[in-house]
Structures are given as C-alpha cells and as structure tokens.
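Colleague: Need a 3D model of the following:
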Amino acid sequence: MSKVSTIKIQVGLDDQKVPESIEWSATDNKEERMVKAKGMIVSFWDPAEKVALRIDLWTKDMMVDEMADFFFQTMMTMADTYGRATPYKDQADDMRAFAKDFFKKFQDKQAAEEAGK
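Modeller: A predicted model of the protein is given here:
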C-alpha cells in the first residue's frame, strides 16, 4: 500500500445521545480543520456477508427542507456513481428520475402546507 488516507468523523451528543454536532476531516481534504455538517450517510459494503452497513446521522437542528435536499443530492450522486461503475446507464437515469420525482413531491407538499397556513 503506497498511500493511506484517513477520514475522521466527530459527533457531539446531547444527554439523550441525540446528535448536536457533526464534524469531519480527511487527510486529502484542502481544509486543515474539522468541517461542520448537519447530516451524514456513510455506507460500507461487506463482501463476506453481501450486505450494506450504514451510519445515518443528522443533527437535531437539521430542517426538513435541508433533509429533503440532502436526500435529493445524495440520490443524484449515487446515480452518477452507479452510471460510472456499471454499463447500465438506463438504471442510473431511472435513479435520477426517481430523485427528481421525490424532490418535486416534497416541494409540492411544502407548497400545500404554506398555502394552508
């Protein structure tokens, strides 16, 4: 192994063990400090068990609109990754279409809630 990169994640918890803060850094990142985040989704593939292992965390001050945008952007980048990693561009396009539909439905719900106020 010629090079090792390290990713550090630090989660601050309240008395009920609910995340109050999330910060991360990486040895290959330009930032030389911990970078703040409101949410994170980390997945690992276990080849022996053939199962995805996940860590999904968000801070208690992450707003619903931020969560919807976070999921939309995550799904879009997952589609990009799938499109680069496989020959199945049609499925990557399906994932992007689903992400766009998901976000549109969220926006419609937000608009309906605002109109009802």
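
Colleague: Can you say which helix or strand has the residue lying closest to F72 once chain neighbours are set aside in it?
Modeller: Once flanking residues are discounted, F72 sits nearest to F103: 4.2 Å by Cβ to Cβ, 6 or more residues apart in numbering. To be clear about C-beta, it is placed using only N, CA and C from the backbone, and glycine gets the same treatment. Taking DSSP states H and E as the definition, one finds F103 inside helix 89-115.

Colleague: Can you name every helix or strand that that helix contacts?
Modeller: Of the remaining helices and strands, those touching helix 89-115 by 3 or more Cβ pairs under 8 Å, 6 or more residues apart in numbering; DSSP states H and E are helix 64-85.

Colleague: Just the residues contacting the helix it packs on, thanks.
Modeller: 38-39, 41, 58, 62, 88-89, 91-93, 95-96, 98-100, 102-103, 106, 110 (Cβ atoms under 8 Å, 6 or more residues apart in numbering).

Colleague: again, only using 10 Å
Modeller: Residues from elsewhere that reach helix 64-85 (Cβ atoms under 10 Å, 6 or more residues apart in numbering): 37-41, 43, 58-59, 62-63, 88-100, 102-107, 109-110, 113.

Colleague: related to what we said a few turns ago, any idea how far V64 is from the residue nearest to F72?
Modeller: 13 Å (Cβ to Cβ, to the nearest Å).

Colleague: next one: I55
Modeller: Distance of I55 to V64, computed by Cβ to Cβ: 21 Å.

Colleague: likewise A111?
Modeller: From A111 over to V64 the distance is 13 Å, taken as Cβ to Cβ.
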